[in-house]
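*Asks:* Pasting a predicted model and its sequence here:
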Amino acid sequence: MHHPMRIYSNLSHTLRLFVHEARGSTTILFALMSTVLFGAAALAIDYSKWIDRKSDMQATADSAALAGARLLAALASENDAKAAAQAFIASKASSSTSPIVATTARSVSVTLSENGSTYLASVLGFQPPQILVASEAVTSQGARPCIIALDPNAPIGIDFSLAGSVTAIDCAIWSNAISGTSFDLNGSGSASSAQNCAVGGISGSSFSITPTPEGNCPPALDPLLSWEPPAYAICDNSLPDKLNSGAITLSPGVYCGGLKLSGTSQVTLLPGIYVMKDGPLSVNTMASIVGDGVTILLTGPGSSVNFLGSSTAHLSAATSGPTEGLVIAAGRGEPVLSSKVGGGAEMDIEGTVYLPTHDLSYGGNSESLMPSTYSLLIARTISFHGGSQVVIRGDPATSRVPTKAAMILGSVRLSR
């Protein structure tokens, strides 16, 4: 029979051994768990930094792709677009970033890669991941515009209150007005072009127009924004300001008060610049005006163009000098004026009509033919009404006059 005290002593010893061994196991377990927890925390911290870095790289890739695509939309070459994307990357990315830039005629794609930096996770032997981002920007280019209403704040950009027709061959009709009546479509006539685009909205539905006008388009940039009218001399008092009969040949110069033709006057313009200062060029009744290699430059109050009655005009643009490619032009600092083609007037014009501060209207039974290989019509606003017939062609590649005003519009967006 075992003595009770001995049994108690043996049991106590066994318990002490168990507690000692349990404490040792807990220490080992705590050490193991601490390592796991430290590793998890280290990975969480580094992972957060990798995510932030990837976000920065994605923003750089997106901006670089857009920078290149914007040049493509403005007719730049693929090499220029690629160089623009690479330059942006160089200004933002780190030296450890490896970029790849590829272009097509309508897109710029950018891929950036670099090895993620390890901060705490490297202590545990974790290898950093490769961070990889990609972006592509595409341009949706519109047709080349040949009729442009420039003013974004005009209530109506292009007004088709027309019983006649407007035909833009191989080119687009564009309005920069941001109003809900950027295009105002009324009347029983028709219009056709390669594209009809308005920055604002489209109003009216009775008018026949092909293709269907698009709203919310990107604005057309003024293609002559960097052009400045040339300086001109003082008035030449020997130049006439009115003619009402007979045939006469005129020379370039400054026509103060403008030039008014009426009756049966027949005027031929020698090549050069004709400045209409503080008065209009008016061609009325049966009068006619013809000239090759000329620019009608409008400046000062009342300096507009008006072709009315049964008059005729056959004009082609200057082929050299500060107004090359411009057949009728005014500077951007001129007052807001109205210019008109009306009645039964007939116009045949080759080159660019640039009237950024003029409200240009075609009305009556006028006929404005620009069937030459290339013409560009730019004004503050443009309206077509009455039975007028307007034809304009936008193919600068085969034009016999300089086409420095030609441009292509495009919008850019990220595709991925």
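*Replies:* Thanks, I have it. Worth saying up front: this structure is predicted, and the values here are computed from it rather than measured.
*Asks:* What score does the closest residue to V294 other than its chain neighbours have for pLDDT?
*Replies:* Nearest non-adjacent residue to V294, counting by C-beta to C-beta, 6 or more residues apart in numbering: L269, 4.8 Å away. Just so you know, the C-beta spots here come from the backbone N, C-alpha and C atoms, and that holds for glycine as well. The per-residue pLDDT reported for L269 equals 98.
*Asks:* Enumerate every residue touching L269.
*Replies:* The contact partners of L269, by C-beta atoms under 8 Å, 6 or more residues apart in numbering, come to 249-250, 252, 289-291, 294, 315.
*Asks:* Out of those, name the ones that lie in strands.
*Replies:* Those of the contacts of L269 mapping onto strands are 249-250, 289-291, 294, 315, per DSSP state E.
*Asks:* Put together TSV for the residues you listed, with distance to P155 on each row.
*Replies:* As requested, those are exported to TSV (distance: C-beta to C-beta, whole Å):
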residue	distance to P155
T249	43
L250	38
I289	33
V290	37
G291	35
V294	34
L315	31
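*Asks:* Just the buried ones among those, please.
*Replies:* By neighbour count, with 16 or more other C-beta atoms under 10 Å, these hold 250, 289, 291, 294, 315 as buried.
*Asks:* what's the closest of the contacts of L269 to A233?
*Replies:* Ranked by distance to A233 (C-beta to C-beta), these are led by P252 at 10.3 Å.
*Asks:* So what does the closest one look like in phi/psi?
*Replies:* phi -60, psi 150 (degrees, to the nearest 10).
*Asks:* what's the burial count for it?
*Replies:* By other C-beta atoms under 10 Å, the residues close to P252 number 20.
*Asks:* And the pLDDT for it?
*Replies:* The model reports P252 with a pLDDT of 96.
*Asks:* How about the contacts made by the closest residue to it other than its chain neighbours?
*Replies:* Counting by C-beta to C-beta, 6+ apart, G272 is the residue found nearest to P252 once chain neighbours are left out, at 2.9 Å. G272 makes contact with 251-252, 293-295, 318, according to C-beta under 8 Å, 6+ apart.
*Asks:* and if you look at S415?
*Replies:* Applying C-beta under 8 Å, 6+ apart, the residues contacting S415 are 107, 136-138.
*Asks:* Restricted to strands, list the residues you listed.
*Replies:* 107, 136-138.
*Asks:* Nearest to A83 among the contacts of G272?
*Replies:* Taking C-beta to C-beta as the measure, A83 lies nearest A318 of the contacts of G272, at 34.4 Å.
*Asks:* Show me which strand runs longest in this structure.
*Replies:* Using DSSP E, we find that the single longest strand of the chain is strand 346-362.
*Asks:* Can I get it in PDB, CA atoms only?
*Replies:* The C-alpha trace of strand 346-362 is given here as PDB (Å, rounded to 0.1, in the frame of the first residue of the first chain):
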ATOM      1  CA  GLU A 346     -22.500  84.400-108.400                       C
ATOM      2  CA  MET A 347     -19.200  83.700-106.800                       C
ATOM      3  CA  ASP A 348     -16.400  81.400-107.900                       C
ATOM      4  CA  ILE A 349     -13.600  81.500-105.300                       C
ATOM      5  CA  GLU A 350     -10.400  79.400-104.800                       C
ATOM      6  CA  GLY A 351      -8.500  79.700-101.600                       C
ATOM      7  CA  THR A 352      -9.400  80.500 -98.000                       C
ATOM      8  CA  VAL A 353     -12.100  83.000 -96.900                       C
ATOM      9  CA  TYR A 354     -11.100  83.900 -93.300                       C
ATOM     10  CA  LEU A 355     -13.500  86.200 -91.500                       C
ATOM     11  CA  PRO A 356     -13.200  85.300 -87.800                       C
ATOM     12  CA  THR A 357     -15.300  88.400 -86.600                       C
ATOM     13  CA  HIS A 358     -17.800  88.400 -89.400                       C
ATOM     14  CA  ASP A 359     -21.300  86.900 -89.500                       C
ATOM     15  CA  LEU A 360     -21.400  85.600 -93.100                       C
ATOM     16  CA  SER A 361     -24.700  85.000 -94.700                       C
ATOM     17  CA  TYR A 362     -25.800  83.500 -98.100                       C
END
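*Asks:* Among the ones in strands among the contacts of S415, which one lies nearest to A64?
*Replies:* Ranked by distance to A64 (C-beta to C-beta), the ones in strands among the contacts of S415 are led by A137 at 8.7 Å.
*Asks:* ok, now how distant is that closest one from H385?
*Replies:* 41 Å (C-beta to C-beta, to the nearest Å).
*Asks:* what do you get for T264?
*Replies:* Where H385 is concerned, T264 sits at a distance of 28 Å (C-beta to C-beta).
*Asks:* Looking at these two, which one has more neighbours?
*Replies:* More neighbours surround H385 than the other of T264 and H385, with 19 against 14 (other C-beta under 10 Å).
*Asks:* quick one: which helix or strand includes V110?
*Replies:* strand 107-115 (DSSP states H and E).
*Asks:* Parallel or antiparallel, which strands does that strand pair with?
*Replies:* Paired strands of strand 107-115, with direction, are strand 98-103 (antiparallel), strand 130-141 (antiparallel) (DSSP bridges).
*Asks:* tilt between the helix or strand just after the longest one and strand 346-362?
*Replies:* Per DSSP H and E, strand 130-141 leads on to strand 145-149 as the next helix or strand towards the C-terminus. On the basis of axes from the mean of the first three to the mean of the last three C-alpha atoms, to 10 degrees, strand 145-149 is oriented at 40 degrees to strand 346-362.
*Asks:* per-residue confidence averaged over strand 145-149?
*Replies:* Per-residue scores along strand 145-149 average to 92.
*Asks:* quick one: contacts of that strand?
*Replies:* Residues from elsewhere that reach strand 145-149, judged by C-beta under 8 Å, 6+ apart: 157-158, 166, 168, 171-177, 193, 197, 220, 375-382, 392-394, 407, 409.
*Asks:* With stretch 304-312 instead?
*Replies:* With C-beta under 8 Å, 6+ apart as the criterion, stretch 304-312 contacts 261, 276, 280-289, 296, 298, 313, 328, 337-347, 355, 358, 366.
*Asks:* and with 6 Å instead?
*Replies:* Identification of contacts with stretch 304-312 by C-beta atoms under 6 Å, 6 or more residues apart in numbering yields 280-288, 313, 328, 337, 339-347.
*Asks:* Would you write out the PyMOL command that picks the buried residues out of the residues you listed?
*Replies:* A single PyMOL command selects the buried members of the contacts of stretch 304-312 (16+ other C-beta under 10 Å):
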select buried, resi 280+281+282+283+284+286+287+288+313+328+337+339+340+341+342+343+344+345+346+347
